[in-house]
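**Q** sequence and predicted structure, then a few things I'm wondering about:
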Amino acid sequence: MRMDRELLRHDEGMIAELERDLRYISWIIKQKGRVILKDYSITPPQFVALQWLVEKGDLTIGELSNKMFLACSTTTDLIDRMEKKELVIRVRDPKDRRVVRIHLLEKGEKIIEEVVQKRREYLQEVLTDFSEDDVVKLKKHLSRLHQDMSEK
């Protein structure tokens, strides 16, 4: 294992190809996600906001802005439009009435479930030529890469 790491550290061409492949895969997933979203009445930033609310629960505008790397004013406009579509609602924090949190409504949750399911079906289709062992190894390696990147 150590020998493999040392080899990768020194093979800049391999690292460049890996970076490019990951960037292209990310772009393809994002494009496919946008195609799927065309069937729904939400924009890609609204989808990202809904995903954060599914993952983290109710968030303040500031918390959501930080997660999405957006200005608070931009996030406020985004939430205003999502409220009009009945995807989310602003609620007062029961512990501190001065704090307003964004709460995911059933309609927003349903959209996320459907879109994520379609994205999974797309990935399943792409992986049909991979053996089960290859998929398990890919998942293991990607999880490790994600963990290592998150720690640095």
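**A** The structure has been received and is ready for your questions.

**Q** hmm, who's touching stretch 109-122?
**A** Residues outside stretch 109-122 that contact it (C-beta atoms under 8 Å, 6 or more residues apart in numbering): 29, 32, 33, 36, 37, 40, 42, 47, 50, 51, 54, 87. Where you see a C-beta, it was placed from the backbone N, CA and C, and this is true even at glycine.

**Q** switch to 10 Å and redo it
**A** Residues outside stretch 109-122 that contact it (C-beta atoms under 10 Å, 6 or more residues apart in numbering): 28-29, 32-33, 35-37, 39-42, 46-47, 50-51, 53-55, 85, 87-88, 104.

**Q** select only the buried ones of the residues you listed in PyMOL?
**A** To isolate the buried members of the contacts of stretch 109-122 in PyMOL, using 16 or more other C-beta atoms under 10 Å:
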select buried, resi 33+36+37+40+42+46+47+50+51+53+87+88+104
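
**Q** in strands only, show me the contacts of stretch 109-122.
**A** When these are checked against strands (DSSP state E), the matches are 88, 104.

**Q** can you flag which of the contacts of stretch 109-122 belong to helices?
**A** Those of the contacts of stretch 109-122 mapping onto helices are 28-29, 32-33, 35-37, 46-47, 50-51, 53-55, per DSSP state H.
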